[in-house]
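>>> I need the structure of the sequence given here:
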Amino acid sequence: MTLDKKAAQQGDRVKVHYRGRLEDGFEFDTSVGRDPLVFVIGESEVIPGFEEAAIGMAAGEMKTVSIVPESGYGPYNDELLVEMPREYVPQDIVPEVGMMLRIVDQNGQEIPVRVTDIHDDAITLDANHPLAGKTLVFDIELLEIL
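Numbers count the residues shown, from 1 in each chain. The predicted structure follows:
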């Protein structure tokens, strides 16, 4: 007699190992070699496509999924590119392309931005998530339903 393994569903707390990469194979994150990722399906603790991929998996199961931007970090939004006059950059900061900074919006919220271009009189800041607009490929291993 065999027992069917329970499949993960909405509301379940799950423990997974994963490798995340872009379509070109560049690995942007992994839990391998670290503690597994623990999250509750349906609580928006991870991107929607990752949650959806975990639904129906049983402990010990592995799968590879491609997650489109709309189920990942969203599409790239050109409106989140802003030019900031150099005079607004604090004197102690020497901007470099790729540098991450935090700016404060009109509501007092901190927003992480990446410097994408530097001009004599301004710098260009990108408030998109670095993975926005990209299809993500995840290898997921469901270790346990807690």
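>>> For residue 43, which three-state class applies?
coil (DSSP: H, G, I helix; E, B strand; the rest coil).
>>> and it, backbone torsions?
As for residue 43, its main-chain torsions (degrees, to the nearest 10) stand at phi -100, psi 10.
>>> Neighbours of it, how many?
Residue 43: 11 surrounding residues under other Cβ atoms under 10 Å. The way it works is simple: take the backbone N, C-alpha and C, and place the C-beta from them, glycine included.
>>> measure stretch 17-27 end to end?
14 Å (Cα to Cα, to the nearest Å).
>>> can you pull the buried residues of it?
17-21 (16 or more other Cβ atoms under 10 Å).
>>> Can you tell me what sits against that stretch?
Stretch 17-27 is contacted by residues 28-32, 36-37, 50, 66, 134-141, 143 when judged by Cβ atoms under 8 Å, 6 or more residues apart in numbering.
>>> Same question for stretch 49-57.
7-10, 14, 16, 18, 39, 41-42, 44, 63, 65, 67-68, 71-72, 136, 138, 140, 142.
>>> Isn't residue 47 up against residue 69?
No: judged on Cβ atoms under 8 Å, residue 47 makes no contact with residue 69 at a distance of 10.0 Å.
>>> Among the contacts of stretch 17-27, which ones are in strands?
28-30, 37, 66, 136-141, 143 (DSSP state E).
>>> In contact with the residue nearest to residue 131 when sequence neighbours are not counted, which residues are there?
Leaving aside its sequence neighbours, residue 131 sits nearest to residue 73 (Cβ to Cβ, 6 or more residues apart in numbering; 4.4 Å). By Cβ under 8 Å, 6+ apart, the contact list for residue 73 reads 47, 129, 131-134, 136.
>>> same question, residue 117
Listed by Cβ under 8 Å, 6+ apart, the contact set of residue 117 reads 97, 123-124.
>>> what secondary structure does residue 102 sit in?
strand.
>>> how many neighbours does the spatially closest residue to it that is not a sequence neighbour have?
Nearest residue to residue 102, sequence neighbours excluded (Cβ to Cβ, 6+ apart): residue 110, at 4.8 Å. Other residues near residue 110 come to 9 when the count uses other Cβ under 10 Å.
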